[in-house]
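Participant: I need the structure of the sequence given here:
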Amino acid sequence: MKNESAEAQYRRMTETPVNRLIVSLAVPTVISMLITMIYNMADTYFVSKISVSASGATGIVFGLMAIFQAFGFMFGQGAGSCISRRLGAKDVETAKKYCSTAFFLALCVSGIILTIGLLTLDKLMIFLGSTPTILPYSRAYGRYILIAGPALTCSCVMNNILRYEGTAHLAMIGLTTGGILNIGLDPLFIFTLDMGISGAGLATAISNYISMGILLFMFISNKCQCCIKLKYVLLKPKFVWEIVATGLPAFCRNGLNSISTMVLNQMAANWGDACIAAMSVSGRCAMLIFSVAVGIGQGFQPVSGFNYGSKKYDRVRQGIKFLWAFGTIVVVVLAGVMIAFAPQVISLFRRETEVVSVGKVALRYLCLSLMFLPTALTANMTFQSVGKKGRAFFLACCQNGIFFIPLVLILPKIFGITGLEVSQPISYLIAAVVSVPFLLSFLKSLKEERSLS
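Facilitator: Coordinates of the predicted model:
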């Protein structure tokens, strides 16, 4: 029965019209990403009612969350890419080994980060950009985010593996349950139980562990082709390196996002807590659109991996073209709406004149730059899904590393707060321009491979 189910899944991934297949896989993924972002924004919204400094603390601790997510995406997307190509080649046993190995590696690494983080909490918060007035809030919030870290990392691994298998609806169940729970617990803990910002952290920790439990159930109850069992863990260096190297672009993308957030907070501190709060809120709001784009891209990745593994190169080409065009249209529409209502969106979180003034401009610049995001995202996700590690790694480093960090260090010194606001948008634009020749070259090579096969 399980073999019949696997065969049906293989036919679905390699025979269903590409555009329809990508959309069907993207819908639950986009919902999952949006729920995740909404409950992160719920933290920002409810915490912002405490004070400006508390609101700034959510931006500081966001960098810490990004560290856990970076490892989760590295192991999850690294294993997921390998799994989708193995399933495309009908090698289920090896796919199970990738799955179990990635999960337990993620659990160990996140446990180490949790331990080190709790032992050096104050120093870590200052390193991430806390000012003396923000530190008490970031310490209280960050402690619970550290405790939630292993659940966050392992959930990222399981989510990505389910998506690469083509069962994104199972990932959606775990994420949405945790997200809805967090939104409900936030006001209860923060205000009703008078826990303040610690309540937001506790709500996040509880919801993350419940989400992790639901996702783990999917694997141990045989609801998907892969499973999580110690007997499938394979720690041979070459095998582990295949997971790490394939997932390294995702690690760099998320890790550099953490570093760039830290640098952004440190530069924003020159203009006070209100500026940090404004940049934090505008960044979270722009992440809604970013999440939709990433969700659409993650709907494409299993299609690309399965069909590349099955040597159906024409379907891979169709998928790339569709993702590029469809993703751009969706992001342009959403960004246009956000630009039009930027002041109102920022004022939902904080109404101080300085916060709204800085935040609305930063949000508009970010939304303009997001219109170029699908180009860079299409290139990066394509190369990662088909196992082209070098190109995927380079393009992942471009956006938040090679371009953004130098820009955010230099431009504010020349143009003041305007330089701070435009640093990230300019880096998005440059990353998109750099991605185009890589993408066009790969499309051409797929056409040539198809003609030879």
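
Participant: next helix or strand past the lowest-mean-pLDDT helix or strand in the chain?
Facilitator: In the chain, the helix or strand scored least confidently by mean pLDDT, DSSP states H and E is helix 2-15, which has a mean of 76. Downstream of helix 2-15, the next assigned helix or strand under DSSP states H and E is helix 18-48.

Participant: in that next one, what's buried?
Facilitator: 18-19, 21-48 (16 or more other Cβ atoms under 10 Å). Just so you know, the C-beta spots here come from the backbone N, C-alpha and C atoms, and that holds for glycine as well.

Participant: same thing with stretch 434-448?
Facilitator: For stretch 434-448, burial by neighbour count (16+ other Cβ under 10 Å) applies to Val434, Ser435, Phe438, Leu439, Phe442, Leu446.

Participant: and the helices in the stretch 301-450 of the chain?
Facilitator: Under the criterion DSSP state H, counting those that start in this stretch, helices of the stretch 301-450 of the chain are mapped to 313-340, 342-347, 353-370, 373-385, 389-397, 404-415, 417-452.

Participant: ranking these by burial, who's on top?
Facilitator: helix 373-385 (a mean of 27; mean count of other Cβ atoms under 10 Å).

Participant: angle of that one against helix 389-397?
Facilitator: Orientation of helix 373-385 against helix 389-397 (axes from the mean of the first three to the mean of the last three Cα atoms, to 10 degrees) gives an angle of 150 degrees.

Participant: helix 373-385: how far from the chain's middle?
Facilitator: Distance of helix 373-385 from its chain centroid, counting by Cα atoms, centre = their mean, to the nearest Å, is 13 Å.

Participant: what angle sits between it and helix 417-452?
Facilitator: Going by the same axes, to 10 degrees, helix 373-385 makes 50 degrees with helix 417-452.

Participant: show me what helix 373-385 is packed against.
Facilitator: Packing partners of helix 373-385 (3 or more Cβ pairs under 8 Å, 6 or more residues apart in numbering; DSSP states H and E): helix 52-88, helix 237-268, helix 273-309, helix 313-340, helix 389-397, helix 417-452.

Participant: so which of those helices comes closest to Leu175?
Facilitator: helix 273-309 (10.9 Å; Cβ to Cβ).

Participant: residue contacts, Val408?
Facilitator: Shown in contact with Val408 (Cβ atoms under 8 Å, 6 or more residues apart in numbering): Ser260, Val263, Leu264, Met267, Leu420, Ser423, Gln424.

Participant: could you do Thr246 as well?
Facilitator: Neighbours of Thr246 in contact, by Cβ under 8 Å, 6+ apart: Gln77, Gly78, Ala79, Ser81, Cys82, Gln384, Gly387, Lys389.

Participant: possible to save those as TSV with distance to Leu230 and pLDDT?
Facilitator: What follows is the contacts of Thr246, written out as TSV (distance: Cβ to Cβ, whole Å; pLDDT from 0 to 100):
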residue	distance to Leu230	pLDDT
Gln77	23	91
Gly78	20	93
Ala79	16	95
Ser81	23	90
Cys82	19	93
Gln384	28	86
Gly387	27	85
Lys389	28	86
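
Participant: how about a markdown table for those residues, with distance to Val330 added?
Facilitator: Compiled in a markdown table, the contacts of Thr246 are given as follows (distance: Cβ to Cβ, whole Å):
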| residue | distance to Val330 |
| --- | --- |
| Gln77 | 22 |
| Gly78 | 27 |
| Ala79 | 28 |
| Ser81 | 24 |
| Cys82 | 29 |
| Gln384 | 21 |
| Gly387 | 27 |
| Lys389 | 28 |
